[in-house]
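Peer 1: Next comes the sequence, and after it the predicted model I'd like to discuss.
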Amino acid sequence: MILAGLIVSSIADHQTPHSAPHTCPSSFRALTPLQHKSRNSKSFKEYDTSQDRISASMWLINVESMKLEEFTPPDLPTYAILSHTWEDNEVTFREFKKRKYDKNKAGFVKIKKTCQLAAAKSIKYVWVDTCCIDKSSSAELSEAINSMFDWYRLSAVCFTYLSDLPASSILVCRWFTRGWTLQELLAPDILEFYDREWNFRGRKTESVVMQQLSTMTGIHNMEVFRNRDAIRKTVVGERMSWVSKRQTKRLEDIAYCLLGIFQVNMPMLYGEGMRAFQRLQEEIIKSSTDMSLFCWRGTENEFLCRGILAHSPAEFATYHETSQNLRDNYDQTYSSYLKGSLPEFSVTNKGVRIEADVSLGSYK
């Protein structure tokens, strides 16, 4: 990129994106078992109880009766929440509501163990995504996805079950490669890790755990593990890089799982493919002047001319390398856009209209 030193008003046409491959890290360092004096603490008064940002009803499991009960904000009770990776033999909403499930089913064992952990902390309700969302209702599913980040934010504690984490110290944990688990990691104030035998392995705010999480997730600013407000203070491009090596089963979900991270809402349109990611970027543009959204890198074998919006989060994998180059060479311009002092930009019927400094240089 060569700094041209002039302000231009341009319209950059954005094309319908195609899916791009996601590369998962080859290995992760497993969490080291830690001793926590407060692991059985029953006080959760410090977590954010503000329910004014959500309106969707929640189905919660009563840990005593093991039955679903429906609640509507702002009257949500204190509840714990489970974060995990989906596997075979999960219990669905209909199965749990009608109590038609095998109690030896792996999915039910997770639900039962979550209830036991919550009860030990005097928490009367839990939320588990497999059986607390009626996925046969597209309206309820859309509401749930748009509310998901806040549901994890409002939880008293999040139990993270790493089903492939044994006692050994080195392992590829699938939980760290999934798109949906990013917000499940960042949204709760209190998050506890458990291995496949449900042994307690530490909290995300422990210094040793945070170091390991930073290595496994590529999140350089460890403040986001301690303080949720640090997420919105992080530039858009960096937040995109957090999910650049994660995967989702459905193409659209790589966009939908980021709604809470960027505090935007949009309807779910399964079947649209990676156009969902384009819509996500357009929603971000509506509420932000952060130009790091355009700090991505495509593949070398692409045509020279393409749209200004990224095709997938994978194109933000080199964000730190690119942004460092900007810091080194164009410190004043880079500082200006980080502070939001550059002119606004917007989506038009012809593309993205931007008024900004133009820079030109080598593509590596």
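Peer 2: Arrived safely. Everything numeric in this text was worked out from a predicted model, so none of it was measured.
Peer 1: what residues are up against the residue nearest to Trp86 when sequence neighbours are not counted?
Peer 2: Closest residue to Trp86 in three dimensions, ignoring its sequence neighbours and counting by CB to CB, 6 or more residues apart in numbering: Thr130, at 6.9 Å. Just so you know, the C-beta spots here come from the backbone N, C-alpha and C atoms, and that holds for glycine as well. Residues near Thr130 by CB atoms under 8 Å, 6 or more residues apart in numbering: Trp86, Glu90, Val91, Thr92, Gly107, Lys110, Ile111.
Peer 1: rerun that using 6 Å as the cut-off
Peer 2: Thr130 is in contact with Glu90, Val91, Gly107, counting by CB atoms under 6 Å, 6 or more residues apart in numbering.
Peer 1: now swap in Phe262 and tell me
Peer 2: Ile284.
Peer 1: tell me the SS of Val91?
Peer 2: Classification of Val91 using DSSP: H, G, I helix; E, B strand; the rest coil returns coil.
Peer 1: For it, grab phi and psi.
Peer 2: Main-chain torsions, Val91, degrees, to the nearest 10: phi -90, psi 130.
Peer 1: before we move on, what about Lys121?
Peer 2: With angles defined as degrees, to the nearest 10, Lys121 sits at phi -100, psi 10.
Peer 1: on that earlier part again, JSON lines for the contacts of Thr130, including distance to Met58 and neighbour count?
Peer 2: What follows is the contacts of Thr130, written out as JSON lines (distance: CB to CB, whole Å; neighbours: other CB atoms under 10 Å):
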{"residue": "Glu90", "distance to Met58": "19", "neighbour count": "19"}
{"residue": "Val91", "distance to Met58": "17", "neighbour count": "21"}
{"residue": "Gly107", "distance to Met58": "20", "neighbour count": "22"}
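Peer 1: ranges for the strands of the stretch 151-300 of the chain?
Peer 2: Under the criterion DSSP state E, counting those that start in this stretch, the stretch 151-300 of the chain contains strands at 157-161, 170-171, 191-194, 200-203.
Peer 1: Comparing those strands, which yields the minimum mean pLDDT?
Peer 2: The weakest mean pLDDT among the strands of the stretch 151-300 of the chain belongs to strand 170-171, with a mean of 55.
Peer 1: how does the protein divide into domains?
Peer 2: Domain ranges of the chain: 1-20+238-364, 24-234, per automatic domain parsing.
Peer 1: check contacts around the closest residue to Ser288 other than its chain neighbours.
Peer 2: Residue nearest to Ser288 in three dimensions, not counting chain neighbours: Val236, with 6.3 Å by CB to CB, 6+ apart. Contacts for Val236 (CB under 6 Å, 6+ apart) come out as Asp290, Ser292, Leu293.
Peer 1: dump the residue contacts of the second one.
Peer 2: Ser292 is in contact with Val235, Val236, Gly237, counting by CB under 6 Å, 6+ apart.
Peer 1: ok, the residues you listed vs Leu269, which is closest?
Peer 2: Distances from Leu269 to the contacts of Ser292, taken as CB to CB, are shortest for Val236 (22.3 Å).
Peer 1: what inclination does the top helix by length along the chain have with respect to strand 157-161?
Peer 2: Scanning the chain for the helix with the most residues, using DSSP state H, yields helix 138-154. Between the axes of helix 138-154 and strand 157-161, defined by axes from the mean of the first three to the mean of the last three CA atoms, to 10 degrees, the angle is 110 degrees.
Peer 1: can you give me the strands for the stretch 1-150 of the chain?
Peer 2: Using DSSP E, counting those that start in this stretch, strands in the stretch 1-150 of the chain cover 3-12, 28-29, 58-62, 68-71, 79-83, 125-127.
Peer 1: circling back to that earlier point, and the longest helix of the chain, what's its mean pLDDT?
Peer 2: In this model, helix 138-154 has a mean pLDDT of 94.
Peer 1: That helix - contacts with which helices or strands?
Peer 2: Taking 3 or more CB pairs under 6 Å, 6 or more residues apart in numbering; DSSP states H and E as contact, there are no helices or strands that helix 138-154 lies on.
Peer 1: Tell me what angle that helix forms with strand 79-83.
Peer 2: Relative orientation of helix 138-154 versus strand 79-83 (the same axes, to 10 degrees): 110 degrees.
Peer 1: In the stretch 151-300 of the chain, where is pLDDT below threshold?
Peer 2: For the stretch 151-300 of the chain, the stretches with pLDDT under 70 are 167-172, 300.
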